[in-house]
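Peer 1: Any chance you can model this:
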Amino acid sequence: MTAPLHHIPLSQIDAHALPRDRDTHDAEAQNELEMSILTSGLRQPIEIWQLSQPRDDHRYGLISGFRRLAAARTLEHETIPAFLRTPKDIPDALASMVTENEIRAQISPWEKGRLILDCVRSDLFDTEDAALTALFGTLSRQKKARLRSIVLVVQVFDGSLATPERLSVARIERLASALRAGWEDLLSDALRTSRSDTLNGQWAALEPVITEALNPQSGDAAPNTRNAPRRSIKFAQGLQIRRELTRSGWILRFSGPEAKVPGLMDDVMETIERVFGSTH
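Peer 2: Here you go, the predicted structure:
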């Protein structure tokens, strides 16, 4: 039996009653949706549920149709077609939202990881695993393990990376492996000193640290463990030196306010020359 269709005033719908799994905005795609609604009408109703108690004059919470609702508001519609659902609780409503978006919209791995963390932080689930099971219970064991890696990376780097939703699963898994190996401090430090505001620039700074973390040299202990080599030195004047592994060997990266002091590199070269002998 088809559920009855309601026409609900936009002013009565709380679009943020649930933590959302889509937190990026594609202006071009949104504009295309608005033009489609303007010329052909809304082809797919949104889904809502009635709140047990009104919040700020909102009587309904949005389950699915976030972009459609936003478009209707931009077009200054007064009402919107909606299916009124009766989820048994908030986690059930969240599961319905995730299921609908998995079918209709490509949600990035980063957005999925952030949704799980947001749900735990909002006390909707006791643990990350409980949220993962409730929202993504149909995933295979391998995909659930991959999602746990994504959650770990989001937990550490959320707010630090530019456009993180563009990160591929492969890159996120490399970051997660480096974090599990104990390299969080060095990764965060590399990201902070990169001073890049683009994802490509930030990844270029992270990549050498990840490479070293995933390709440990013979005898090198993990960071913050006994006999770990000196991988980074910070001086009181603001100068920092960090070693980085490359395909052809090691490089030393100098950063900080003192890194551009005239004569610094000459002093470093002279010191190296004294240690290894005269050049030819």
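
Peer 1: got a list of what the residue nearest the centre of the chain touches?
Peer 2: In the chain, the C-alpha nearest the mean C-alpha coordinate belongs to residue 110, at 3.8 Å (Cα atoms, centre = their mean). Residues near residue 110 by Cβ atoms under 8 Å, 6 or more residues apart in numbering: 150, 154, 164, 165, 167, 172. C-beta coordinates here come from the backbone N, C-alpha and C atoms, glycine included.

Peer 1: After the helix or strand that the last one is a member of, which helix or strand is next?
Peer 2: Taking DSSP states H and E as the definition, one finds residue 172 inside helix 169-180. Tracing the chain past helix 169-180, the next element assigned as helix or strand by DSSP H and E is helix 184-194.

Peer 1: before we move on, what SS does the nearest residue to residue 265 once chain neighbours are set aside have?
Peer 2: Leaving aside its sequence neighbours, residue 265 sits nearest to residue 254 (Cβ to Cβ, 6 or more residues apart in numbering; 8.0 Å). When classified by DSSP: H, G, I helix; E, B strand; the rest coil, residue 254 comes out as strand.

Peer 1: Kindly provide the distance from residue 254 to residue 203.
Peer 2: Going from residue 254 to residue 203 by Cβ to Cβ, to the nearest Å gives 21 Å.

Peer 1: Between those two, which has more neighbouring residues?
Peer 2: residue 203 (19 against 15; other Cβ atoms under 10 Å).

Peer 1: Looking at the more buried one now. What's its pLDDT?
Peer 2: At residue 203, the pLDDT value in this model is 95.

Peer 1: Regarding it, what is its secondary structure?
Peer 2: Classification of residue 203 using three-state DSSP returns helix.

Peer 1: How about it: what's its closest non-neighbour residue?
Peer 2: Setting aside the residues directly before and after it, residue 203 is nearest to residue 171 in space (Cβ to Cβ, 6+ apart), at 7.0 Å.

Peer 1: Which parts of the protein are helices?
Peer 2: In the chain, the helices defined using DSSP state H lie at 27-40, 66-74, 90-104, 109-121, 128-135, 141-157, 169-180, 184-194, 199-214, 264-276.

Peer 1: Buried ones in the second one, by neighbour count?
Peer 2: Okay, so that is helix 66-74. Along helix 66-74, these residues count as buried under the neighbour rule (16 or more other Cβ atoms under 10 Å): 66, 67, 68, 69, 71, 72.

Peer 1: so how far is residue 112 from the fifth one?
Peer 2: Between residue 71 and residue 112 the distance, using Cβ to Cβ, works out to 24 Å.

Peer 1: next one: the fourth one
Peer 2: With distances defined as Cβ to Cβ, the gap from residue 69 to residue 112 amounts to 21 Å.
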